[in-house]
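# predicted model, plus sequence, below.
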Amino acid sequence: MALSIVVLSGAVATGKTTLAEELEQRFGARRIGSHELLLARLGEGERRNRPALQALGERLDHDSGGRWLADDVAVAASRLPEDAIVVVDSARILGQVEAMRRAFGRRVTHVHLHAPVEELQRRYRRRRGRDLPSYDEVRRNPTEAAIDSLIDEADVVIDTSRSTATDVAVRAASHLGLTGRDTGRLVDVIVGGQYGSEGKGHVAYHISPEYDYLLRVGGPNAGHKVVWDSDRVYTHNQLPSGARAGDAHLLIGPGATIDVRRLTNEIADCAVEVDRLTVDGNAMIIEDQDIETEKGLVGAIGSTGKGGGAAAARRILRGDDVRFARDIRELHPYIGDVAAILEAAYARGERILLEGTQGTGLSLFQGTFPYVTSRDTTVSGCLAEAGVAPTRVRRVIMVCRTYPIRVGSPAKSTSGPMGQVLSWAEIARRSGLDARELRKTERGSISGTRRRVAEFDWTQLRRASVLNNPTDIALTFADYISAENRDARRFEQLTEETIHFIEEVERVAAAPVTLIGTHFHARSIIDRRSW
């Protein structure tokens, strides 16, 4: 039996079918139309217009007292998931509604739509494919003429005369409890705790199969590397890192900045079907002029020069030279309203993974200016760019490296300060890894520039923990502590030095280290989560 049954009633042109379709689209309801049920009962060769269907319905109502509708709905609902929201479009007499209540009990909510006759006449005149030439002829049917007698028996009554179709859907959904505040905390957020390149993509790829939606913010100046099952390394610039990890729906939030060429190439690389990706129409487009504008920042502060900051500046200035995702022809098949999709996901209790980019130390507001990126990289900033309320957040996973890095060489530290700088030769000596391998690996995934490395910064960890309040720490590059960690599959297989380090991280961050990256490989994350 279905979780809930919504029975619609109302005169012709009050918007019943439109409401049913809105509830179907926005909240995943399943529509069962009385029109289709009657068509299924008609024999071959019988007339199939409104008068013929009305006559059949009235005959069935007379013979069964309206029970036929409940019987047919019960059969149709038995094929649906047990927790489905079923919208019956529609009941025409009180006997049908009462039979539904007898069949489904307290699961039934009766919603009646109405509007002044003058408004219904106007709507009917605008309707295409009318079965009868005028609304007056529609109202000559005795059942249709008496339809508003159901108002007194309905659980919910909505006057649709001054509301759009979306307004009616929002009002009805509120009455039905589909938009309440008790839908739970369903959003988990991944952010970087240092200067980026902490391995967020690798962590996101590992946990992505657990989610119904993967949502990314930021722009193409952040590259998230993942290892696909074939051991192929791929860098995501725009799509969520779990695009190839499962079947979750992919979302790009309204605060994102988009390089159209990079995005379309990535869609092709990842074989993403059109109906699996939604790009919010308000996402900002990076233009060639933005990349040109940022050329000077590449040498000055170590910027990637991908145009995201210049694009954001144009958006803030609100000039007439701004283009959004909705304005780009190539993106039209993917354009949608991410906020509406998330609202429907909340109502269905579906889980969302929000993937931030870069690191807390690069935050426009919290980092060391001017050596910062063009956005707030903390949890708060990511939520704002995605359109997610803080009270929706369940877990915050802050990713940190055992040795933080920044772009630039020790001799030319134009990308900003970073604690106690070390050499890659020293990391190699401590860990037992090959220094040449480290130098080859440690280049920016987008810029390709060399990276500086430093001792783990405990003050930075504490600061990032205060700003992000993580529930979990994902500690990556455990092999940089000891090459022996590369072979570890369980926590107890890590070296004693590594375990002590993890315990210290947990104390300073006041959060457990539940994910540990031992190296960059398809099976290189030790998962200690209990959620």
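Received it, and whenever you're ready, just let me know what you need.
# residues near the residue lying closest to residue 250 once chain neighbours are set aside, how many?
Nearest non-adjacent residue to residue 250, counting by C-beta to C-beta, 6 or more residues apart in numbering: residue 277, 4.5 Å away. All C-beta atoms are positioned from the backbone trio N, CA, C, and that covers glycine. Burial of residue 277, expressed as a neighbour count using other C-beta atoms under 10 Å, amounts to 22.
# checking residue 191 next. Helix, strand or coil?
Residue 191 carries the three-state label strand when classified by DSSP: H, G, I helix; E, B strand; the rest coil.
# element containing the residue nearest to residue 41 when sequence neighbours are not counted, please.
Among residues not flanking residue 41 along the chain, residue 56 sits closest, at 6.6 Å (C-beta to C-beta, 6+ apart). Element membership for residue 56, per DSSP states H and E: helix 50-64.
# first-to-last residue distance for stretch 399-407?
Across stretch 399-407, the terminal residues are separated by 18 Å (C-alpha to C-alpha, to the nearest Å).
# what packs against the helix holding residue 56?
Counting contacts by 3 or more C-beta pairs under 8 Å, 6 or more residues apart in numbering; DSSP states H and E, helix 50-64 is packed against helix 34-41, helix 67-77, helix 94-104, helix 142-145.
# swap the cut-off to 10 Å and go again
helix 34-41, helix 67-77, helix 94-104, helix 135-139, helix 142-145 (3 or more C-beta pairs under 10 Å, 6 or more residues apart in numbering; DSSP states H and E).
# surely residue 288 and residue 306 touch.
No - counting by C-beta atoms under 10 Å, residue 288 stays clear of residue 306, with 11.6 Å between them.
# neighbour-wise, which of these two wins?
residue 306 (24 against 8).
# next, the contact list for that one, please.
By C-beta atoms under 10 Å, 6 or more residues apart in numbering, the residues touching residue 306 are 219-223, 237, 257, 259, 262, 286, 290-291, 294, 298, 446-447.
# go again using 8 Å as the cut-off
The neighbours of residue 306, taking C-beta atoms under 8 Å, 6 or more residues apart in numbering as the test, are 219-221, 259, 286, 291, 294, 446.
# what do you get for residue 19?
Residue 19 neighbours (C-beta under 8 Å, 6+ apart): 8, 87, 89, 111, 113, 165, 168-169, 172.
# of those residues, which is the nearest to residue 31?
Within the contacts of residue 19, the smallest distance to residue 31 is 5.0 Å, found for residue 87 (C-beta to C-beta).
# residue 365 in helix, strand or coil?
Under three-state DSSP, residue 365 falls in the coil class.
# list the contacts of it.
Residue 365 neighbours (C-beta under 8 Å, 6+ apart): 376, 381.
# and what of residue 417?
By C-beta under 8 Å, 6+ apart, the contact set of residue 417 is 368, 371.
# at 7 Å instead, please
residue 368 (C-beta atoms under 7 Å, 6 or more residues apart in numbering).
# ok, now residue 488?
With C-beta under 7 Å, 6+ apart, residue 488 has these contacts: 494, 518, 526.
# ranking by neighbours, what's the top pick from the residues you listed?
In terms of neighbours by other C-beta under 10 Å, those top out with residue 518 at 25 neighbours.
# hmm, which of the contacts of residue 19 are the buried ones?
The neighbour count (16 or more other C-beta atoms under 10 Å) marks 8, 87, 89, 111, 113, 168-169, 172 as buried among the contacts of residue 19.
# make TSV out of those residues and add distance to residue 96 and pLDDT.
Listed next are those as TSV, based on distance: C-beta to C-beta, whole Å; pLDDT from 0 to 100:
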residue	distance to residue 96	pLDDT
8	11	98
87	15	97
89	12	95
111	14	97
113	16	98
168	22	97
169	23	94
172	19	95
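# mind listing the helices for the stretch 401-531 of the chain?
424-431, 435-441, 458-468, 496-509 (DSSP state H, counting those that start in this stretch).
# who are the packing partners of the shortest one?
The elements that helix 435-441 packs onto, with contact taken as 3 or more C-beta pairs under 7 Å, 6 or more residues apart in numbering; DSSP states H and E, are helix 424-431.
# equivalent analysis for the longest one, please.
Contact analysis of helix 496-509 by 3+ C-beta pairs under 7 Å, 6+ apart lists helix 458-468, strand 472-476, strand 513-517 as its packing neighbours.
# nearest to residue 205, of these?
With C-beta to C-beta, the closest approach to residue 205 among these belongs to strand 513-517: 11.0 Å.
# now that closest one and helix 496-509, what's the angle there?
Using axes from the mean of the first three to the mean of the last three C-alpha atoms, to 10 degrees, the direction of strand 513-517 lies 140 degrees away from that of helix 496-509.
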